[in-house]
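# sequence first, predicted model second:
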Amino acid sequence: MDEKNTKRLLETYPRLFSNFRGFECGDGWYDLLCELAEKLEPLCVDDIPEDTARVGQVKEKFGGLRFYLDWFPADEEIYKKVNSAIDTAEEKSFTICEVCGEPGTARGGGWISTLCETHHVEREREKEEMRKKWAERRKERNDEEEARKEREQEEALAKIYSENG
Ligand SMILES: [Zn+2]
């Protein structure tokens, strides 16, 4: 998440994000995080020590939002409300492109991301370019390896000739 959105979230919901380090997800989920924070901020009623964080970590994992708390509200009702709001937001994240916030679906095999069509195509193109780059690098390495072997053979032959010469 970029600096501007991070700052806005931290400033708008200061109790919830007290001592929070930063969001490890894309800007497409900014509105979703605002929606969740809007529900949680008023529930942050009990005092916690100044150096304690209510939210521990917010990140993307397997295409979905993960919102981890370091805060366990003493009141059971509040605790339930907090957890249910987080569950709802995490579930919803699988329908929102993490890059731009447009409707999206979870995509990919080994590395799953929730993306809209545009950002899915863009990311696939980036992957393809990366694959090409690595293939070229591999080829360069192989060429170097072959050149080295040829040189060694020539040197070995030259040695044999000079020894028998
Ligand atoms: Zn998108």
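It's in.

# need the residues of this structure near the ion, please.
Applying Cβ under 5 Å from the ion, we find that the chain lies next to the ion at 97, 99-100, 102, 116, 119. From N, CA and C alone the C-beta is placed, and that goes for glycine too.

# hmm, try it at 8 Å
Selection of the chain residues close to the ion by Cβ under 8 Å from the ion yields 28, 97-102, 104, 115-120.

# restricted to helices, list those.
117-120 (DSSP state H).

# flag every buried residue along the particular helix or strand that has residue 32 in it.
Using DSSP states H and E, residue 32 falls within helix 30-40. Neighbour-count burial for helix 30-40, counted by 16 or more other Cβ atoms under 10 Å, picks out 30, 32-33, 36-37, 39-40.

# can I get these in JSON lines including pLDDT?
Converted to JSON lines, the buried residues of helix 30-40 look like this (pLDDT from 0 to 100):
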{"residue": "30", "pLDDT": "98"}
{"residue": "32", "pLDDT": "98"}
{"residue": "33", "pLDDT": "98"}
{"residue": "36", "pLDDT": "98"}
{"residue": "37", "pLDDT": "98"}
{"residue": "39", "pLDDT": "97"}
{"residue": "40", "pLDDT": "96"}
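
# out of these, the closest to residue 47 would be?
Within these, the smallest distance to residue 47 is 16.0 Å, found for residue 40 (Cβ to Cβ).

# buried among the residues of the chain next to the ion? Make that a ChimeraX selection.
Buried members of these, defined by 16+ other Cβ under 10 Å, are picked up in ChimeraX with:
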select :28,97,98,99,101,104,115,116,119,120
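
# ok, the residues of the chain next to the ion vs residue 70, which is closest?
Of all the residues of the chain next to the ion, residue 98 has the smallest distance to residue 70: 23.6 Å, by Cβ to Cβ.

# what's the nearest residue to the closest one if we skip its chain neighbours?
Leaving aside its sequence neighbours, residue 98 sits nearest to residue 26 (Cβ to Cβ, 6 or more residues apart in numbering; 3.8 Å).

# how does the chain divide into domains?
For the chain, the structural domains run 3-115, 116-165, going by automatic domain parsing.

# pick the most buried one from those domains.
domain 3-115 (a mean of 16; mean count of other Cβ atoms under 10 Å).

# now the helices: where do they sit in this structure?
Remark: helices assigned in the chain by DSSP H are 3-12, 30-40, 76-92, 117-164.

# and the average pLDDT for the longest one is what?
Over the span of helix 117-164, the pLDDT mean works out to 87.

# show me what it is packed against.
Where contact means 3 or more Cβ pairs under 8 Å, 6 or more residues apart in numbering; DSSP states H and E, helix 117-164 is not packed against any helix or strand.
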